[in-house]
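Trainee: Fold the following, please.
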Amino acid sequence: SNEQRRDAAAAAAAAAAETVERPAPTTELPAPAPPDWGFEEPETEPARTLEIAFLTTVLPEGRTTGGEVVSQAFVDALRGAGHRVRVVGYVRPGGTVGDPDALSAGAPPTEGSLRDRGAWAGAALRRQLPYSVAKYASPAYAARAHALLTDPKVDLVILDAVQTGWLEPELRRATKPVVFLAHAATETSRRNGGGWSAPRRVLDREARLVAELERSLAALAVDVWTIEPDAPARLGTHARVLAVPGGIDVSTNGSRPAAAFDVGLIGSWAQVSNADGLRWFVDRVLPLLPPQASVHLAGRGADAFAGTRPGITVRGFVPDAAAFDAGARVLAVPAVVGGGLQVRTLDAIAAGGWVVATPLALRGIEAPPSTVGVAQDPDGFAAQITAGLMIPPDLETRAGALMWAQARRDAFRAAVAEAVQRAVPQRPTDPEPDVVIA
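Mentor: The predicted structure follows:
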């Protein structure tokens, strides 16, 4: 199938203006023996059940952002290992709490009035905290975190991302073992303006304070978990890299519906770094695609691109990202700036169809399946997409992508189960009583 794609790419320019005949999709998958993808599943000691406090920013059960997908993957893996995980976080406006072990701190402080936002900005200056950290501090959150940190039944605290680092003084007083779960390379992202726009001096302040806080939290923690291969150089050699899966569980994904459109892109386009990638695609790749190709954009912030080019359909927020992915013949992931793992790429792979991504979109994803094409320049990116439109993946190729995604998920859960046991000292067992025979 890879040789077919290369041949198709070479003919893509000539076929661009022609109507593409697509064979009728097939839905049944074979059941080949799973190959060895190289994901290591560590041997684990007999586990004991733990009670874990998971302190995050926004309750992640909705999985509305890549960060929430990552957080929920850890929560699910910990619970899958038999532990009770009590999650503290804010609830997005209009959101609901379905997790019985979630402790809501209400709406995020940043969703308040202009006066409220000014208050947390002032607090950041007074307390020498990064703005992206201070904005998540509130009395309601502090009260819920304090309740868990002083609960003798809690065995372990997981601090999810540097944005919860404003709790550091409370964590030091609690004297419970802490795991610091580091997400993206925040320092690099902030210095490059990834995620938000601000004057250079503000970005420099943010980068410096975030880096200092990350190092302080890493020193406090008994273990550091991260999803980035480069993180040990930033956080210390004891940082444990865990290959997180995407947000789509492929274990029951045995069939693929007929495609409804040609090219699909989905993401949080209101974020500056993501919007830059979409702008690159719309301005430089889209004009090179076949004129009849239908392109659908989904996700918050996509409305800004409505009417910019013919052939674009803006869908906005879609409640079922997996269904959107399944409806595309080719999924495009055009990351051009920013850092960290691209969860979006993992979800695209789990859809089982062709994926075209930039090299940056494959950070932290080693040896992807053969359904993934990589291109840095607009010409190559467009040629890869056009090739995918001409020849759909066969059943064996698609099955390989699904097995790759499942293998990554299984290995991740095994690695988390092993890591959490290492983070918490084993309780000493009571000695066997002496048996006295009268």
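Trainee: can you pull out the helices in this structure?
Mentor: 2-15, 66-80, 114-127, 131-134, 139-149, 168-174, 186-191, 200-220, 231-235, 272-280, 321-326, 343-350, 378-390, 395-423 (DSSP state H).
Trainee: between those, which gets nearest to Ala243?
Mentor: helix 395-423 (5.7 Å; CB to CB). C-beta: built from backbone N, CA, C; applies to glycine.
Trainee: rank the helices of the chain by pLDDT, which is bottom?
Mentor: The stretch with the lowest mean pLDDT among the helices of the chain is helix 186-191, at a mean of 46.
Trainee: Return the residues in contact with Lys349.
Mentor: For the record, residue 349 is Ile, not Lys. Taking CB atoms under 8 Å, 6 or more residues apart in numbering as the criterion, Ile349 is in contact with 246, 355, 368-369, 371-372, 401, 404-405.
Trainee: which of the helices of the chain is buried the deepest?
Mentor: Among those, helix 343-350 has the highest mean neighbour count (mean count of other CB atoms under 10 Å), at a mean of 27.
Trainee: Helix 395-423 and that helix, what's the angle between them?
Mentor: Per axes from the mean of the first three to the mean of the last three CA atoms, to 10 degrees, the angle that helix 343-350 makes with helix 395-423 is 130 degrees.
Trainee: how about helix 343-350 as PDB, C-alpha atoms only?
Mentor: C-alpha atoms of helix 343-350 as PDB (Å, rounded to 0.1, in the frame of the first residue of the first chain):
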ATOM      1  CA  VAL A 343      -2.800  14.500  20.600                       C
ATOM      2  CA  ARG A 344      -4.700  15.400  17.500                       C
ATOM      3  CA  THR A 345      -2.300  13.200  15.400                       C
ATOM      4  CA  LEU A 346      -2.900  10.200  17.600                       C
ATOM      5  CA  ASP A 347      -6.700  10.600  17.300                       C
ATOM      6  CA  ALA A 348      -6.300  10.900  13.500                       C
ATOM      7  CA  ILE A 349      -4.300   7.700  13.400                       C
ATOM      8  CA  ALA A 350      -7.000   5.900  15.500                       C
END
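Trainee: Now find how far off-centre that helix is within its chain.
Mentor: Between the centre of helix 343-350 and the centre of its chain there are 9 Å (CA atoms, centre = their mean, to the nearest Å).
Trainee: thinking again about what came up before, with distance to Thr96 added, can I get the helices of the chain in TSV?
Mentor: Listed next are the helices of the chain as TSV, based on distance: least, CB to CB, whole Å:
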stretch	distance to Thr96
helix 2-15	43
helix 66-80	14
helix 114-127	23
helix 131-134	26
helix 139-149	17
helix 168-174	28
helix 186-191	29
helix 200-220	31
helix 231-235	33
helix 272-280	26
helix 321-326	18
helix 343-350	23
helix 378-390	38
helix 395-423	26
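Trainee: for those helices, which one sits closest to Arg315?
Mentor: Across those, closest to Arg315 is helix 321-326 (CB to CB), at 7.3 Å.
Trainee: unless I'm mixing things up, Leu346 is touching Ile365, no?
Mentor: Yes: between Leu346 and Ile365 there is a contact at 6.9 Å, judged by CB atoms under 8 Å.
Trainee: Now the two most distant members of the contacts of Ile349.
Mentor: Largest pairwise distance in the contacts of Ile349, by CB to CB, is 13.8 Å, between Gly246 and Thr371.
Trainee: Check the gap between Pro232 and Val241 for me.
Mentor: With distances taken as CB to CB, to the nearest Å, Pro232 is found 7 Å from Val241.
Trainee: where do the contact lists of those two overlap?
Mentor: Thr226.
Trainee: one step back: between the helices of the chain, which one is closest to His296.
Mentor: So among the helices of the chain, helix 321-326 is nearest, using CB to CB, at 7.6 Å.
Trainee: now the closest one: how far from the chain's centre is it?
Mentor: The answer for helix 321-326 is 16 Å, by CA atoms, centre = their mean.
Trainee: what does it contact?
Mentor: In contact with helix 321-326 (CB under 8 Å, 6+ apart) are residues 247-248, 256-257, 259, 264, 266, 296, 298, 315, 318, 331, 347-348, 350-351, 353.
Trainee: pLDDT value on Leu362, please?
Mentor: 93.
Trainee: surely it meets Ala375?
Mentor: No: with contact defined as CB under 8 Å, Leu362 does not count as touching Ala375 (11.1 Å).
Trainee: and Ile391, how far is that from Ala375?
Mentor: 17 Å.
Trainee: just Asp116 next, same as before
Mentor: Distance from Asp116 to Ala375, by CB to CB: 44 Å.
Trainee: Please name the residues that touch Ala81.
Mentor: 47, 413, 416-417, 420.
Trainee: tell me the two of those residues that are most distant?
Mentor: Ala47 and Arg413 (12.3 Å).
Trainee: which non-adjacent residue is nearest Ala182?
Mentor: Distances taken as CB to CB, 6 or more residues apart in numbering place Thr226 nearest to Ala182, at 4.3 Å, with adjacent residues excluded.
Trainee: Tell me what the one you found is bridged to.
Mentor: Ala182, Val241 (DSSP bridges).
Trainee: ok, how many other residues are close to it?
Mentor: 25 (other CB atoms under 10 Å).
Trainee: same check, this time on Gln342
Mentor: When neighbours are counted by other CB under 10 Å, Gln342 registers 26.
Trainee: and the spatially closest residue to it that is not a sequence neighbour, what is it in contact with?
Mentor: Once flanking residues are discounted, Gln342 sits nearest to Ala361: 4.6 Å by CB to CB, 6+ apart. Counting by CB under 8 Å, 6+ apart, Ala361 touches 333-335, 342, 344-345.
Trainee: I am finished for the moment; much appreciated.
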